[in-house]
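Engineer: Here is the input, now give the coordinates:
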Amino acid sequence: NQHKEALTIFQSSLETRILRLGKDHIDVGRTLNSLGFAHSALDEYEEAIGCFGESLRLYELVGDENTSSADVADTNYCLGKCFFELGREKEALPHLTIALQLKISIFGNGSLEAAKVLYKP
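Structural biologist: Here you go, the predicted structure:
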């Protein structure tokens, strides 16, 4: 399964980046985000929530010029979706709201990107 392979690769990459860069580096956050996607694709939502949450914390703590509002919006969306999949709607709502607000501010109120946040796949 490609998602399991990706999970192994991202986990190895995360360990290497933490050793080389330290745990509070933006590239660690980006790798955690990729690891969260892999967990989510395998329906491992609790693990994905942990990865996305830590990624978001790092984006906010040490974000650089390459960390865009769209990155933060996408990570919030992923967090919200994972909470929703686990039936934890009250925890999902704040993340989905932030994702929607950021997408509207970036792409406009009638944009496809904002509409994607409102659509439950």
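Engineer: can we go C-alpha only for contacts and neighbour counts from here?
Structural biologist: Noted.
Engineer: List the contacts of the residue located most distally from the centre of the chain.
Structural biologist: The centre of the chain is farthest from one residue, Gly110, which by Cα atoms, centre = their mean lies 23.4 Å away. Applying Cα atoms under 8 Å, 6 or more residues apart in numbering, we find Gly110 in contact with Ile104.
Engineer: Give the helix, strand or coil label for it.
Structural biologist: Under DSSP: H, G, I helix; E, B strand; the rest coil, the three-state class of Gly110 is coil.
Engineer: quick one: it from Cys78, how far?
Structural biologist: 21 Å (Cα to Cα, to the nearest Å).
Engineer: What lies in contact with the least confident helix or strand in the chain by mean pLDDT?
Structural biologist: Within the chain, confidence by mean pLDDT, DSSP states H and E is lowest for helix 112-118 among all helices and strands, at a mean of 85. With Cα under 8 Å, 6+ apart as the test, helix 112-118 has contacts from 77, 96, 99-100, 103-104, 107-108.
Engineer: And those residues, which is closest to Arg30?
Structural biologist: Tyr77 (15.2 Å; Cα to Cα).
Engineer: So which residue is dead centre in this protein?
Structural biologist: With distances taken as Cα atoms, centre = their mean, Thr75 lies nearest the centre of the chain, 2.8 Å away.
Engineer: any idea which element that residue lies in?
Structural biologist: Using DSSP states H and E, Thr75 falls within helix 69-85.
Engineer: starting at the chain centroid, how far to that helix?
Structural biologist: How far helix 69-85 lies from its chain's middle: 5 Å, per Cα atoms, centre = their mean, to the nearest Å.
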